[in-house]
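> Here is a sequence together with a model predicted from it:
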Amino acid sequence: MDNIQIAKIVKMIFDVYVIVYPIFSWGFIIYILSSWVPGLRESKFGDILGRVYEPLLEPFRRIIPPLGGMLDLSPIAFIIVLQLFNYGMRSIFVTIINGLLT
């Protein structure tokens, strides 16, 4: 397998990432905003989102306890880490693809 074929495979993986990442991010935002809507987190949809995002938020909640017992800042920390992850992944993909094509 030559470098061009490998670059095409990596590009396809990157294309899937570019589609999945925004869905994941918007799902998280919907999950966070669902706490403002009575009953949404208790619905089937809210339960599915909770199963996806709660395990990811738990480490942040251990580090950043709620302020005053009510204000949970862990989603903000998670969004920052998620954005850093996105920038890193994009840089890695671009570097790999450019390295294979040169």
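Cool, got the structure. Owing to the predicted nature of the structure, the values given are computational and were not obtained by experimental measurement.

> Please make it C-alpha for all contacts and neighbour counts, starting now.
Fine.

> Per-residue pLDDT of Asn3, please?
Turning to Asn3, the model gives it a pLDDT of 86.

> What residues of the biggest helix by length in the chain count as buried?
Secondary structure of the chain per DSSP state H: the longest helix is helix 3-33. Buried residues in helix 3-33, defined by neighbour count with 16 or more other Cα atoms under 10 Å: Ala7, Val10, Lys11, Phe14, Tyr17, Phe28, Tyr31, Ile32.

> can you put those in TSV and add pLDDT?
Shown next, in TSV, are the buried residues of helix 3-33 (pLDDT from 0 to 100):
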residue	pLDDT
Ala7	90
Val10	93
Lys11	93
Phe14	95
Tyr17	96
Phe28	96
Tyr31	94
Ile32	93
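
> export the residues you listed to TSV and tack on distance to Arg41?
Converted to TSV, the buried residues of helix 3-33 look like this (distance: Cα to Cα, whole Å):
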residue	distance to Arg41
Ala7	42
Val10	37
Lys11	37
Phe14	32
Tyr17	27
Phe28	13
Tyr31	8
Ile32	10
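
> Tell me the one of those residues nearest Tyr53?
Proximity of the buried residues of helix 3-33 to Tyr53 (Cα to Cα) peaks at Phe28, which lies at 6.8 Å.
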